[in-house]
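Participant: Coordinates for the following, if possible.
(chains A and B)
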2 protein chains.
Amino acid sequence: MSSAEQVLALVEAGGSHVPEQMERLEARLAELATSHGELLAEHAGATISAGGKRLRPLLVFLAAGPEAAGLPGVLRAAVAVELIHSATLVHDDVLDSAELRRGRPTVVATAGRAIATATGDLLFSRAFAELARNGRPDEIRMLSAASSALAEGELLQREDAWVLDVPRERYLHRCDLKTARLFQAACGLGALEGGGDGAALGDFGRRIGLAFQLLDDVLDVSGPTERIGKHRGTDLLDGTVTLPLILARERDPGLAAIDLRAVRTPEQAAAVCDAIAATGVLELARADALERVAAAKAALPPLPEGQRAALELVADSVADRYA
Amino acid sequence: MSSAEQVLALVEAGGSHVPEQMERLEARLAELATSHGELLAEHAGATISAGGKRLRPLLVFLAAGPEAAGLPGVLRAAVAVELIHSATLVHDDVLDSAELRRGRPTVVATAGRAIATATGDLLFSRAFAELARNGRPDEIRMLSAASSALAEGELLQREDAWVLDVPRERYLHRCDLKTARLFQAACGLGALEGGGDGAALGDFGRRIGLAFQLLDDVLDVSGPTERIGKHRGTDLLDGTVTLPLILARERDPGLAAIDLRAVRTPEQAAAVCDAIAATGVLELARADALERVAAAKAALPPLPEGQRAALELVADSVADRYA
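Facilitator: Down below sits the predicted model:
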């Protein structure tokens, strides 16, 4: 689901303040990209302006609620969260030597590892600088907890690479660290600036963040390629063992004995994806994610009707990634 | 000058609170290294505990003054500054594929690029988390400005790599970004927590930080190897043009026409270093740095005598790097 589609759907759901906030977000991100010298403009600018779903800033605005969404502090929180996300993407691309991201050349492809690493560091720093302008140490703590979790999740993923028998609980913990905690921070920061219940909305964000990652991992196995914009089985090629394989290895002795390091080509990866899908576990993994989305919606605190509807719609859009 | 020597000298100069603070710093750094999971303990722990001069935390304690140096907020600032410095070192080692740092294997050598990059990101995040506990947004702004500057300096250095005719002003700007601004933050944060003049002490830190970098660049040319713990001319091998070469290229037509990319072995680098030294510019560059140290001392604001003496001693220890 594209950013434009999301926003359109949200307008229909009563979140009519959102398009304007998203425009202000883009303006501020563009401003940041050009206000720290030519180099940042050239490299980070490309990353920042390349767009993406802007799902995390969207959550900040919606968690703040329609009354507060126009406040400068909410915008700063939205910008900070997106900058942390962008920093992570830039560093991930360095580690994966990725050529393209969102259809554009990556910083590492354009400028090399050194400049890309520094660009990511700069985006991290700017995120904290932006949020510090809110004058709320509790918000800084929330963001730094999330960005620490992201890095810990990345560490865990690399440490677990090629480990076929990684336990399900450890996999879920990794998803929580590398994805859910920033969703949690997005909702928590929005709620804090909007005077809402940061803990409860943060919990909502964390649940749908985990579902988002689970479905992402299912999509990597299921494809189709046209939908996910990459070959199936890229996780396998990176040595990353995700829920579908964890479940499938218990059902298929062939998968339980697979040598992950021998999976080297997109064709081989696709064949393993087919074997995983044949065990029927994709439906199980999908159901797990959808249950989490439902639980997230059910646990939402009392909210104005329009705000609740908009947050539920985002939760549904996460679930619809698979549909 | 080792950490132990510094501390000893400072005790003699009246900074008798410092050894205790430095011990608390080490304890807190060790605690942080072990409190974020096994992976951080293993990788970041090695970096953090490997020591180094701890010059930046020392400046935090001294800028806070003897009355305040024992306050928890000062310790947190000292920890945060050292974590930012450590994060930068870990990322630098990734980019340089460095094997050793302070005589120990680097994170990248032990665990690979991916884990080292994530470890650096984690140290960055923990720095802000630690400082946020002080509850002062002005401090977060100060630290994020410094860490943004560090990343911008790194960007600039990589962008200027192999550019022989880089202007002196641009070189100085790069030194300011990549070194002086974190020294400035160290002094500024200490002063803020100690109720002192953050701007004036920050200015002191920035000046001696710039001198520190200038002298570091001179030492890279002058050696000797036993003193600097590495071959002479490592900057040349990285394509980094520093003040000695900038000054020397105006005096020696051979150096003005040198092909930096052809300098590939330690022996070739040493020969270029000899040519630079033969022009007599090392004394000029050193004098430039020493003037900055003197100006830093002269511009110190009114301070209790013991505190002033200790800060001047640190300034002198920076100058003595060359002696």
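
Participant: contacts, neighbours, all on C-alpha from now
Facilitator: Noted.

Participant: wouldn't A:R174 be in contact with A:R158 here?
Facilitator: No: A:R174 lies out of contact with A:R158 (C-alpha atoms under 8 Å); the separation is 10.5 Å.

Participant: Mind checking which of the two has more residues around it?
Facilitator: Shown here are A:R174 and A:R158; by other C-alpha atoms under 10 Å in any protein chain shown, A:R174 has more neighbours (24 against 20).

Participant: Check that one and give its pLDDT.
Facilitator: Looking at A:R174, its pLDDT is 96.

Participant: A:L10 now?
Facilitator: pLDDT, read off for A:L10, is 60.

Participant: who in the stretch 51-200 of chain A is up against chain B?
Facilitator: Within the stretch 51-200 of chain A, the positions near chain B by C-alpha under 8 Å from any C-alpha of the partner chain are A:91, A:95, A:113-115, A:117-119, A:121-123, A:125-126, A:128-129, A:132-138, A:140-141, A:144-145, A:147-149, A:151-152, A:154-156, A:158-159.

Participant: so A:L59 makes contact with A:G188?
Facilitator: No: judged on C-alpha under 8 Å, A:L59 makes no contact with A:G188 at a distance of 9.2 Å.

Participant: Those two - which one has more neighbours?
Facilitator: A:G188 (31 against 27).

Participant: Following element in sequence after the helix or strand encompassing that one, please.
Facilitator: In the assignment (DSSP states H and E), A:G188 maps to helix A:181-193. Next helix or strand after helix A:181-193 toward the C-terminus (DSSP H and E): helix A:198-222.

Participant: other SSEs contacting that following helix?
Facilitator: helix A:168-175, helix A:181-193, helix A:234-238, helix A:243-248, helix A:266-278, helix A:281-298, helix A:305-319 (3 or more C-alpha pairs under 8 Å, 6 or more residues apart in numbering or on different chains; DSSP states H and E).

Participant: Name the residues of the last one that come out as buried.
Facilitator: When burial is assessed from 16 or more other C-alpha atoms under 10 Å in any protein chain shown, helix A:305-319 yields the following buried residues: A:306-319.

Participant: Could you do the second one as well?
Facilitator: Of all the residues in helix A:181-193, those buried under the rule 16+ other C-alpha under 10 Å are A:181-193.

Participant: Pick out the most distant pair among those.
Facilitator: A:R181 and A:E193 (18.1 Å; C-alpha to C-alpha).

Participant: For the helix holding A:G188, give me every contacting residue.
Facilitator: A:56-57, A:59-65, A:68, A:73-74, A:77-78, A:81, A:139, A:142-143, A:146-147, A:149-150, A:197-206, A:208-209 (C-alpha atoms under 8 Å, 6 or more residues apart in numbering or on different chains).

Participant: now the residues you listed: which count as buried?
Facilitator: Buried among the contacts of helix A:181-193 (16+ other C-alpha under 10 Å): A:56-57, A:59-65, A:68, A:73-74, A:77-78, A:81, A:139, A:142-143, A:146-147, A:149-150, A:197-206, A:208-209.

Participant: what's the residue nearest the centre of chain A in contact with, if anything?
Facilitator: Centroid-nearest residue in chain A, with C-alpha atoms, centre = their mean: A:T179, separated by 5.3 Å. A:T179 sits next to A:150, A:209-210, A:213 when contact means C-alpha under 8 Å, 6+ apart.

Participant: what sits against the residue of the stretch 201-323 of chain A found nearest chain B?
Facilitator: In the stretch 201-323 of chain A, the residue that lies nearest chain B is A:D238 (11.8 Å; C-alpha to the nearest C-alpha). Each residue near A:D238 by C-alpha under 8 Å, 6+ apart is listed here: A:A161.

Participant: Show the pLDDT at it.
Facilitator: 90.

Participant: With the one 10 residues further on instead?
Facilitator: pLDDT for A:A248: 97.

Participant: Kindly report the same for A:T47.
Facilitator: Reading off the model, A:T47 has pLDDT 74.

Participant: for A:V18, same thing?
Facilitator: Reported pLDDT for A:V18: 81.

Participant: A:F61 is in contact with that one, correct?
Facilitator: Yes: assessed by C-alpha under 8 Å, A:V18 is found in contact with A:F61 at 7.0 Å.

Participant: which residues are in contact with both of the two?
Facilitator: A:A69.

Participant: My read is that A:F61 contacts A:P72, right?
Facilitator: No: A:F61 lies out of contact with A:P72 (C-alpha under 8 Å); the separation is 11.1 Å.

Participant: before we move on, back to that, if I look at A:L59 and A:G188, which residues touch both of them?
Facilitator: A:G205.

Participant: Which of the helices and strands in chain A ranks last by mean pLDDT?
Facilitator: helix A:3-12 (a mean of 55; mean pLDDT, DSSP states H and E).

Participant: Next SSE downstream of that helix?
Facilitator: helix A:18-34.

Participant: now for that following helix, which elements pack on it?
Facilitator: helix A:3-12, helix A:37-49, helix A:55-64, helix A:72-96.

Participant: give me that answer again for 10 Å
Facilitator: helix A:3-12, helix A:37-49, helix A:55-64, helix A:72-96, helix A:113-132 (3 or more C-alpha pairs under 10 Å, 6 or more residues apart in numbering or on different chains; DSSP states H and E).

Participant: Identify whichever of these lies nearest to B:E250.
Facilitator: That would be helix A:37-49 among these, by C-alpha to C-alpha, at 28.0 Å.

Participant: Dump that closest one to PDB, restricted to CA.
Facilitator: The C-alpha trace of helix A:37-49 is given here as PDB (Å, rounded to 0.1, in the frame of the first residue of the first chain):
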ATOM      1  CA  GLY A  37      26.200  21.100   3.600                       C
ATOM      2  CA  GLU A  38      26.500  19.800   0.100                       C
ATOM      3  CA  LEU A  39      27.500  16.400   1.100                       C
ATOM      4  CA  LEU A  40      24.500  15.600   3.200                       C
ATOM      5  CA  ALA A  41      22.300  17.100   0.600                       C
ATOM      6  CA  GLU A  42      23.800  14.900  -2.000                       C
ATOM      7  CA  HIS A  43      23.900  11.600  -0.200                       C
ATOM      8  CA  ALA A  44      21.400  11.700   2.700                       C
ATOM      9  CA  GLY A  45      19.200  13.900   0.700                       C
ATOM     10  CA  ALA A  46      18.800  11.100  -1.900                       C
ATOM     11  CA  THR A  47      17.900   8.600   0.800                       C
ATOM     12  CA  ILE A  48      15.500  10.900   2.700                       C
ATOM     13  CA  SER A  49      13.700  12.200  -0.300                       C
END
